[in-house]
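A.B. asks: Got a sequence here, can you model it:
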Amino acid sequence: MERHRPALAYVVPRFQNPTGTVLPPLAGRRLVEAANALGVPLVDDEVLADLAFAPGPREPSLSAYGEVIAVGSLSKVVWGGLRIGWVRGPAPLVARLARLKALHDLGSDLPSQLVATRLLDDFAPVLASRTAAVRAGHDHLRAELARLLPAWSCAPATGGQTLWVRLPHGDGVSFAQLALRHGVAVLPGATTDALGGSLRHLRLHFLAPTEVLTEAVRRLAAAWAEYTPGPEPERASLHAIVV
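C.D. replies: Model (predicted):
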């Protein structure tokens with residue numbers, strides 16, 4: 001931030017997509033303090049933050065450490081089609097954003113807003129049901145990967161919707177192409193890495209029903225049995241990414 005003075009910084013500190021990782025509290029505090037000191041607006045994407053598998057105390061949100069623009073949504077916890085979200089931040093900024101939104105879309109649709117208010121009136125059981133379902137999918141997917149693809153490595157997630165899988169050899173891009181021919185679409189890690197790394201990684205989500213996850217892993221295992229990696233692709237340079 002000192003070197004480039006960006007117009008805005010955006011971070012997903014809890015259950016980041018695609019890696020599923022959580023930003024340590026000390027790093028979060030340092031990030032907020034640096035952004036505030038340098039006058040860089042910092043956006044904290046909290047859309048996945050509620051999908052923690054374990055009950056109990058959670059890491060404080062970044063807004064606990066200073067001025068942050070926090071954004072949330074019901075689309076991950078309730079249903080992807082419920083496009084109702086919110087912004088939390090300094091009052092003058094929120095008022096300005098509300099005016100801009102009114103000019104651009106004339107307001108969100110009323111049925112979705114009514115559904116959202118009813119859900120938020122008794123949100124705890126909705127959240128508990130959703131996190132239980134997501135955790136069951138996570139545990140099932142990891143068990144199937146361990147059974148059929150034991151050479152693949154992936155740390156257990158503590159929340160969110162995705163597993164970050166490392167292949168023992170080859171690269172995610174070429175394997176994803178082969179997996180697609182077996183009827184499974186997976187996201188190569190390199191396509192999510194702005195610095196061109198994560199070549200051997202895949203992002204797998206665990207949102208599908210367990211029987212679908214079972215079939216998906218079976219097809220991935222069949223694709224892996226056929227997979228012959230080519231030459232290791234070169235890591236993309238930052239210059240190439242910028243261009």
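
A.B. asks: From what I see, residue 131 and residue 54 are in contact.
C.D. replies: No: the pair residue 131 / residue 54 is not scored as a contact, 9.4 Å apart, by CB atoms under 8 Å. All C-beta spots, glycine's among them, are computed from the backbone N, C-alpha and C.

A.B. asks: For stretch 211-220, give me every contacting residue.
C.D. replies: 137, 140-141, 144-145, 147-149, 179, 182-184, 186, 206, 208 (CB atoms under 8 Å, 6 or more residues apart in numbering).

A.B. asks: Same check on stretch 63-74?
C.D. replies: Contacts for stretch 63-74 (CB under 8 Å, 6+ apart): 28-29, 32-33, 35-36, 41-47, 49, 61-62, 82-90, 93, 116, 119.

A.B. asks: Out of those, list just those in strands.
C.D. replies: Among the contacts of stretch 63-74, the ones falling in strands (DSSP state E) are 42, 43, 44, 45, 85, 86, 87, 88.

A.B. asks: Compute the number of surrounding residues for the residue lying closest to the first one once chain neighbours are set aside.
C.D. replies: On the basis of CB to CB, 6 or more residues apart in numbering, the spatially nearest residue to residue 42 that is not a chain neighbour turns out to be residue 35, at 4.1 Å. The number of residues packed around residue 35, counting by other CB atoms under 10 Å, is 23.

A.B. asks: Quick check: mean pLDDT of the longest helix seen in the chain?
C.D. replies: When the chain is scanned for its longest helix (criterion: DSSP state H), the result is helix 123-148. Average pLDDT, helix 123-148: 96.

A.B. asks: which strands and helices sit next to the helix or strand immediately after it in the chain?
C.D. replies: Remark: after helix 123-148, the chain's next helix or strand is strand 162-166, criterion DSSP states H and E. For strand 162-166, the elements it packs on are helix 123-148, strand 201-205, judged by 3 or more CB pairs under 8 Å, 6 or more residues apart in numbering; DSSP states H and E.

A.B. asks: and the helix or strand that the shortest one is followed by, how far out from the chain's middle?
C.D. replies: To tie it back to what came earlier, the one meant is strand 201-205. Going down the chain from strand 201-205, the next helix or strand is helix 210-226, by DSSP H and E. Centroid separation between helix 210-226 and its chain, computed with CA atoms, centre = their mean, to the nearest Å, is 23 Å.

A.B. asks: Buried residues in helix 210-226, which are they?
C.D. replies: Neighbour-count burial for helix 210-226, counted by 16 or more other CB atoms under 10 Å, picks out 213, 214, 216, 217, 218, 219, 220, 221, 222, 223, 224.

A.B. asks: Any regions of this protein where pLDDT drops low?
C.D. replies: Scanning the chain with the threshold set as pLDDT under 70 gives 230-243.

A.B. asks: go with 80
C.D. replies: 56-57, 196, 230-243 (pLDDT under 80).

A.B. asks: can you list the domains in it?
C.D. replies: 9-121, 133-226 (automatic domain parsing).

A.B. asks: Now distance to residue 2 too, for these, in a markdown table please.
C.D. replies: Shown next, in a markdown table, are those (distance: least, CB to CB, whole Å):
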| stretch | distance to residue 2 |
| --- | --- |
| domain 9-121 | 6 |
| domain 133-226 | 19 |
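
A.B. asks: any idea which of these is most buried?
C.D. replies: Highest mean neighbour count among the domains of the chain (mean count of other CB atoms under 10 Å): domain 133-226, with a mean of 17.

A.B. asks: surely residue 138 meets residue 54?
C.D. replies: No: counting by CB under 8 Å, residue 138 does not reach residue 54; the two are 11.9 Å apart.

A.B. asks: Torsion angles phi and psi at residue 227?
C.D. replies: Backbone torsions for residue 227, taken as degrees, to the nearest 10, come to phi -70, psi 130.

A.B. asks: Secondary structure element holding the residue most central in space within the chain?
C.D. replies: Among the residues of the chain, residue 17 comes closest to the average C-alpha position under CA atoms, centre = their mean, at 2.2 Å. According to DSSP H and E, residue 17 maps onto no helix or strand at all.
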